[in-house]
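Undergrad: turn this into a structure:
(one chain, ligands or ions: 1)
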Amino acid sequence: MLGRKQLVQRVLKVPPLQAAARIAGAARGRGMALLYHQVLPEPRPGSITPTISVDQFEAEIAYLASVGQIVPLETLHHPSPSTRPRFAITLDDDYKSHAEHVLPVLQRHNVPATFFLSGRWLHGLGAYWWEKLEDAIAARGLDEVCLALGVPAGTADELAIRLERDLAAQSRVEELCDFAGGSISEDWFKPLFESGMGIGFHTLHHPRLTLLDDEGLEQALSLGLAELAETMAARPFLFAYPHGRAGRREASAVQDAGFTAAFTTSKDPVGADSDRYLVGRWEPGASTLRDFAAELAWRLHAPIQPISAN
Ligand SMILES: [Zn+2]
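TA: You can find the predicted model right below:
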C-alpha cells in the first residue's frame with residue numbers, strides 16, 4: 001500500500017489535479033464537511049446505500065490532507081489562522097464497515113472523523129429499511145417488490161426515493177423479507193468508541209424529520225439518545241438529519257433538544273457565518289479522484305446558502 005506522501009505525489013503528477021488542488025487550496029476561510037456511508041473493499045454494484053471502495057476513500061483522505069487540513073467536525077466553523085481550507089470527515093448510519101474499513105484508514109493517516117449513529121443494536125433493531133429493500137429486490141425482483149409495496153418505480157433508486165417520503169410503505173418493507181444479514185452487533189462499534197473519534201446522533205428509526213408533526217419530531221430527537229449516551233459514557237452533541245433533510249422548524253427543535261450543531265446534505269461549503277444547525281455536507285459518492293478534486297475545488301468556492309424544508 002502506498003503511503004500518503006507517495007499517493008499524493010503520484011496523484012499530483014496529473015495536470016488537472018494540480019490545477020484543482022491550487023483552486024481548492026486558495027479557498028481560505030472556507031471549510032467542507034464530507035459525508036460517506038459504506039466503505040467496502042469491493043463496492044456492490046447497484047446498491048441503494050451509497051458505497052465506495054476503501055481505495056477511493058483512502059485516496060480522498062490523502063488528497064484532502066494535501067490541499068487543506070482535516071479537523072474535528074465541531075471545530076470546522078471556527079475562525080482559523082490557517083491559510084488552507086479545512087475539511088471534516090463524517091460517516092452516517094450503523095454500518096459494520098465503519099470500524100472494519102474506515103477506522104484503519106483514518107488511523108493510518110492520523111485524521112479525525114465523526115460517526116453519526118442510530119444505536120439500533122442497543123434496541124434489538126436490525127438493518128435499516130433500505131437495506132431490507134435491497135435484499136428483497138435481490139430475492140424477488142423489482143417488479144414484485146413494487147407490487148407488494150403498492151409503490152410503482154422503474155428502478156431501485158426511484159423506489160427508495162419514493163419510500164423515503166412514505167413512512168407507511170417503509171414499515172411494509174419490514175414484512176416483505178427476512179433480512180439475513182440484518183442483525184447489528186455491538187462489537188462493530190466498540191472500536192469506534194475506543195478510538196476517540198467523534199460520535200454524533202442520527203435518530204433511532206431514521207425518519208425524514210420534515211414529514212413528522214411537532215410531537216413526532218421531538219420524540220425522534222430523544223428516542224434512543226440516552227442509551228447511546230450510556231454506551232459512549234458521554235452524551236452526543238452533534239446531530240445529522242436522517243436523509244439530510246431539514247428546515248428552520250427542524251433546526252430549532254434540534255437546538256432545543258440540546259445539540260450544539262446539526263448537519264444536512266445541502267453540499268454547501270462551511271464558513272464562519274454558516275448556520276450551525278443547518279451545516280451542509282457533501283457526499284462525493286463513487287468517482288475518480290480527478291472528478292472528486294474538480295468538484296471539491298468548485299464546491300469550496302460556492303456561495304453558502306441556507307436550504308429550505310421540502
Ligand atoms: Zn442516515
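
Undergrad: from here on, just use CA atoms for contacts and neighbour counts.
TA: Noted.

Undergrad: what about Ser195, how many neighbours?
TA: 12 (other CA atoms under 10 Å).

Undergrad: now Val60: how far from Gln255?
TA: Actually, residue 60 is Glu rather than Val. According to CA to CA, to the nearest Å, Glu60 and Gln255 sit 32 Å apart.

Undergrad: one more: His78?
TA: Counting by CA to CA - His78 and Gln255 are separated by 19 Å.

Undergrad: again with Asp213
TA: Counting by CA to CA, the gap from Asp213 to Gln255 is 17 Å.

Undergrad: low-confidence ranges, the stretch 151-300 of the chain, go.
TA: 177-183 (pLDDT under 70).

Undergrad: pLDDT score for Ala20?
TA: Looking at Ala20, its pLDDT is 82.

Undergrad: ok, now how distant is it from Asp273?
TA: Relative to Asp273, and taking CA to CA, Ala20 is found at 25 Å.

Undergrad: and these two? which has more neighbours close in?
TA: Neighbour tally, Ala20 and Asp273, criterion other CA under 10 Å: the higher count belongs to Ala20, 22 against 10.

Undergrad: chain neighbours aside, what residue packs nearest to the more buried one?
TA: Once flanking residues are discounted, Ala20 sits nearest to Ala294: 5.3 Å by CA to CA, 6 or more residues apart in numbering.

Undergrad: need the contact list for that neighbour.
TA: Pro16, Leu17, Ala20 (CA atoms under 8 Å, 6 or more residues apart in numbering).

Undergrad: so who does the closest residue to the ion within the stretch 151-300 of the chain touch?
TA: Residue nearest to the ion within the stretch 151-300 of the chain: Pro242 (4.8 Å; CA to the ion). Neighbour list for Pro242: His202, Thr203, His206, Pro207, Arg208, Leu209 [criterion: CA under 8 Å, 6+ apart].

Undergrad: would you say Ala27 is within a helix?
TA: No. Judged by DSSP: H, G, I helix; E, B strand; the rest coil, Ala27 forms no part of a helix; its state is coil.

Undergrad: picking up where we left off before, which of the contacts of Pro242 ranks first by neighbour count?
TA: Neighbour max across the contacts of Pro242 (other CA under 10 Å) = His202, 30 neighbours.

Undergrad: I'd like to know how far it sits from Ala169.
TA: 21 Å.

Undergrad: Lys132 now?
TA: Relative to Ala169, and taking CA to CA, Lys132 is found at 13 Å.

Undergrad: between the two, which is the more surrounded one?
TA: Using other CA under 10 Å, the more surrounded residue of Lys132 and Ala169 is Lys132, with 23 against 17.

Undergrad: now do that one against Phe115, distance only.
TA: 22 Å.

Undergrad: Ser171 too?
TA: 26 Å.

Undergrad: over to Phe87?
TA: For Phe87 relative to Phe115 (CA to CA), the value is 15 Å.

Undergrad: residues near Leu91, how many?
TA: Neighbour count of Leu91, defined by other CA under 10 Å: 23.

Undergrad: the ion contacts on the stretch 101-250 of the chain?
TA: Contact residues (CA under 5 Å from the ion) of the stretch 101-250 of the chain with the ion: Pro242.
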